[in-house]
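In: how would this look folded up:
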Amino acid sequence: MTLTGDDADQPGLTGLEWEGGYARLGPEIERSGERITRSIIPYPDMPSVGTMARTSFYAAPLDLVSFRKVSELEADEVSYDGPLGSYPATYVAGDSSRWIVHVHGRGGTRAEAFRLLTSLHELGYPQLSIAYRNDDDAPADEHGEYGLGWTESEDLAAAVEYARSQGAEDIVLAGYSMGGAIIGNYLHTHGTDGVAGVIYDSPALSWGDILAFESRNRNLPSFAATIASGVVRLRTGINLSAMDQVRNADDLAVPVLLIHGSGDETVPVTSSDEFAEARPDLVTYIRPDDVGHVQAWNADPEAYERAATDFLRGL
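Out: The predicted model follows:
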């Protein structure tokens with residue numbers, strides 16, 4: 001397939017989505033001027049010539065009919081009651097009493113977890129990939145804006161209670177990007193009772209570090225991040241310091257698998273470096289070179305899945 005446009009050369013095994021269809025693009029890339037040629041794998045569809053499409057590093061369709069077809073899993077949509085009403089979630093059954101609850105990143109969808117969800121199904125864990133407030137398919141709060149994990153952690157708490165009501169004896173939490181901040185605030189506010197472990201992929205561990213990172217990228221003075229944190233708290237009531245998992249690493253009380261590529265241009269990998277260095281007793285850290293934000297699976301699916309399965313088996 002020949003593509004042009006932004007992210008046509010998105011590295012690794014990735015997805016291609018268009019209205020009514022989804023496919024996968026192979027990692028081998030050939031360049032000719034502005035044209036990018038890659039192999040295409042129906043997943044489950046094939047676009048016609050001239051289709052307007054975009055790459056999708058989730059590498060799996062959100063549509064459950066299509067996802068069932070390509071994954072061969074009996075994935076269902078369920079709902080759980082939370083603070084703002086009824087929230088949708090994707091559920092895949094298993095025969096274990098240990099559940100995995102996946103939490104996607106800011107502006108993402110439940111499909112962000114489908115890369116890992118498929119491979120972990122073989123271990124027998126029931127899995128839930130949740131939506132939370134202000135997602136397109138979930139209830140909106142009065143402001144209609146994401147709370148950086150501060151408010152969404154209550155939606156996660158409701159999902160955990162749903163899993164327990166369905167027979168879960170303990171939970172593994174898996175968070176992607178801002179999903180890491182949601183999980184961190186959940187652990188901070190609800191404790192670790194019944195949480196067996198955590199999987200973090202490119203997590204937002206410290207909003208202070210992220211704001212400083214963005215300030216540097218915009219050539220702003222270093223104190224701009226401190227001012228921004230204060231403005232956030234004044235306008236929204238969100239306490240970014242309380243959610244800072246790097247500064248509060250001493251509070252960590254559960255095993256963590258931390259995966260964060262060194263090429264992340266969205267969330268600074270230095271936060272993960274410091275977090276892992278502070279708690280080597282609990283953190284297993286994988287830091288693939290030159291890999292972008294939440295794209296470690298795309299770069300090497302086999303290594304990513306092996307790390308996750310080894311971690312879970314070791315809990």
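In: what about the protein, any weak spots by pLDDT?
Out: Applying pLDDT under 70 to the chain picks out residues 213-237.
In: how about the helices in the stretch 101-250 of the chain?
Out: For the stretch 101-250 of the chain, helices defined by DSSP state H, counting those that start in this stretch occupy the ranges 114-120, 152-165, 178-190, 207-217, 223-236.
In: Count the neighbours of Gly124 for me.
Out: 12 (other CB atoms under 10 Å). C-beta coordinates here come from the backbone N, C-alpha and C atoms, glycine included.
In: Tell me which residues touch it, please.
Out: Gly94, Asp95, Ser96 (CB atoms under 8 Å, 6 or more residues apart in numbering).
In: Now the second one: closest residue in space that isn't a chain neighbour?
Out: Just to be clear, that refers to Asp95. Excluding its sequence neighbours, the residue lying closest to Asp95 (CB to CB, 6 or more residues apart in numbering) is Gly124, at 5.0 Å.
In: How is this structure partitioned into domains?
Out: Using automatic domain parsing, the domain parsing of the chain gives 2-56, 64-314.
In: deepest of the ones you listed, which one?
Out: Among the domains of the chain, ranked by average contacts under mean count of other CB atoms under 10 Å, first place goes to domain 64-314 (a mean of 19).
In: so what's Gln65 up against?
Out: Actually, residue 65 is Val. It isn't Gln. No contacts exist for Val65 under CB under 8 Å, 6+ apart.
In: quick one: which helix or strand includes it?
Out: helix 64-71 (DSSP states H and E).
In: Kindly format the C-alpha coordinates of that helix as CSV.
Out: Provided in CSV are the C-alpha atoms of helix 64-71 (Å, rounded to 0.1, in the frame of the first residue of the first chain):
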residue,chain,number,x,y,z
LEU,A,64,-16.6,-5.0,18.7
VAL,A,65,-17.8,-6.9,15.7
SER,A,66,-14.5,-6.3,14.0
PHE,A,67,-12.5,-6.9,17.1
ARG,A,68,-14.2,-10.2,17.8
LYS,A,69,-13.4,-11.3,14.2
VAL,A,70,-9.7,-10.5,14.3
SER,A,71,-9.0,-11.4,17.9
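In: Please pull up the helix or strand immediately following it.
Out: In N-to-C order, the element after helix 64-71 by DSSP H and E is strand 75-82.
In: these two touch, right, Ser71 and Leu116?
Out: No. Counting by CB atoms under 8 Å, Ser71 does not reach Leu116; the two are 11.8 Å apart.
In: Report the contact partners of Ala253.
Out: The contact partners of Ala253, by CB under 8 Å, 6+ apart, come to Leu187, Thr192, Leu282.
In: if I look at it, how far off is Asp281?
Out: Distance, Ala253 to Asp281, using CB to CB, to the nearest Å: 11 Å.
In: got it, and Val92?
Out: Taking CB to CB, one finds Val92 at 32 Å from Asp281.
In: With Tyr58 instead?
Out: From Tyr58 to Asp281 the distance is 33 Å (CB to CB).
In: what's the answer for Ile259, then?
Out: Taking CB to CB, one finds Ile259 at 18 Å from Asp281.
In: try Gly180
Out: 19 Å.
In: Same question for Gln166.
Out: Gln166 is 32 Å from Asp281, by CB to CB.
In: ok, the residue lying closest to Ile40 once chain neighbours are set aside - contacts?
Out: Leaving aside its chain neighbours, Ile40 sits nearest to Met1 (4.2 Å; criterion: CB to CB, 6+ apart). For Met1, the contact set (CB under 8 Å, 6+ apart) comprises Leu16, Leu25, Thr37, Arg38, Ser39, Ile40, Pro47.
In: got the contact list for the fifth one?
Out: For Ser39, the contacting residues are Met1, Leu25, Gly26, Glu28, by CB under 8 Å, 6+ apart.
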